[in-house]
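Enquirer: Okay, here's the prediction I keep looking at, along with the sequence it came from:
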Amino acid sequence: MDISEAVAKRKSTRAYLGTQVSADDLDKIVEAGRWAPNAGPFHISVIRNAELREKINAKTHEAMIDSGVEFLRQRASLPGYEPLYGAPVLIVLSTPADAPSGAMNVALAAENMLLQATGLGLASCFLRTPAMALNGTKNGGLAQEAGVPDGYAVQCALIVGHADAQNRFTLDERARKGEVTYID
């Protein structure tokens, strides 16, 4: 699959089979993130441990309910809703808490990983909500379990796995967005 095809084919999948991602594919995905353009340090935590993923899932769900953000509260209130959508791999991206370009660095790394996953025939989804479960002083223990270095803040995460045909939490079909102006 060439890059144009991967860009057009990539979508946010919100339902996964329990099948593990091969170690070789996971290594390729992580390496793609490490080759992203960046302006400073960042850290990638790859979480395959089911018990830890479940803790993060539960804490994320709780944080969404308590967020005060209506969309997040509504989403988390849907019957059967799980913020990590049953994915067998959670990849958490963090940066030094005071890094001025931190969010941009990990967003670029995440996009590289999402495209690599697509190229490998895997499903994936970019997530912001796990940061709610892993940041802050009351969540430090869970962040430490997730491999987030001291002094770092979680900026985003992504999930990877094999798509389940029953994808009832997907919002809408993808569409191109943004406006374009060419100036010659």
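Expert: Arrived safely.

Enquirer: How far off centre is the longest strand along the chain?
Expert: Of all the segments of type strand in the chain, defined by DSSP state E, the longest one is strand 152-161. What separates the centre of strand 152-161 from the centre of its chain is 4 Å, taken as C-alpha atoms, centre = their mean, to the nearest Å.

Enquirer: quick check: mean pLDDT across it?
Expert: Confidence for strand 152-161, expressed as mean pLDDT, is 97.

Enquirer: do stretch 124-143 as well
Expert: Averaged across stretch 124-143, the pLDDT comes to 90.

Enquirer: What is the end-to-end distance of that stretch?
Expert: 22 Å (C-alpha to C-alpha, to the nearest Å).

Enquirer: From the chain's centroid, how far away is that stretch?
Expert: Once both centres are worked out by C-alpha atoms, centre = their mean, stretch 124-143 turns out to sit 11 Å from its chain's centre.

Enquirer: can you list the weak-confidence ranges in this protein?
Expert: Low-confidence segments of the chain, defined by pLDDT under 70, are located at 140, 168, 170-174.

Enquirer: Give me the angle between the lengthiest helix in the chain and strand 152-161.
Expert: When every helix of the chain is counted residue by residue (DSSP state H), the longest turns out to be helix 102-119. Put simply, helix 102-119 runs at 10 degrees to strand 152-161, going by axes from the mean of the first three to the mean of the last three C-alpha atoms, to 10 degrees.

Enquirer: The longest strand of the chain: partners in the sheet, and parallel or antiparallel?
Expert: Strands adjacent to strand 152-161 in the sheet, as given by DSSP bridges, are strand 89-96 (antiparallel), strand 123-127 (antiparallel).

Enquirer: Quick check, central residue of this structure?
Expert: For the chain, Leu158 is the residue whose C-alpha lies nearest the centre (C-alpha atoms, centre = their mean; 1.6 Å).

Enquirer: my guess is that residue contacts Phe126, does it?
Expert: Yes - look at Leu158 against Phe126 with C-beta atoms under 8 Å: they come within range, at 5.3 Å. C-betas here are computed from N, CA, C, even on glycine.

Enquirer: Quick check: neighbours shared by these two?
Expert: Common neighbours of Leu158 and Phe126 (criterion: C-beta atoms under 8 Å, 6 or more residues apart in numbering): Ala110, Leu114.

Enquirer: so Ala58 is in which element?
Expert: Per DSSP states H and E, Ala58 falls inside helix 50-65.

Enquirer: Much appreciated, bye for now.
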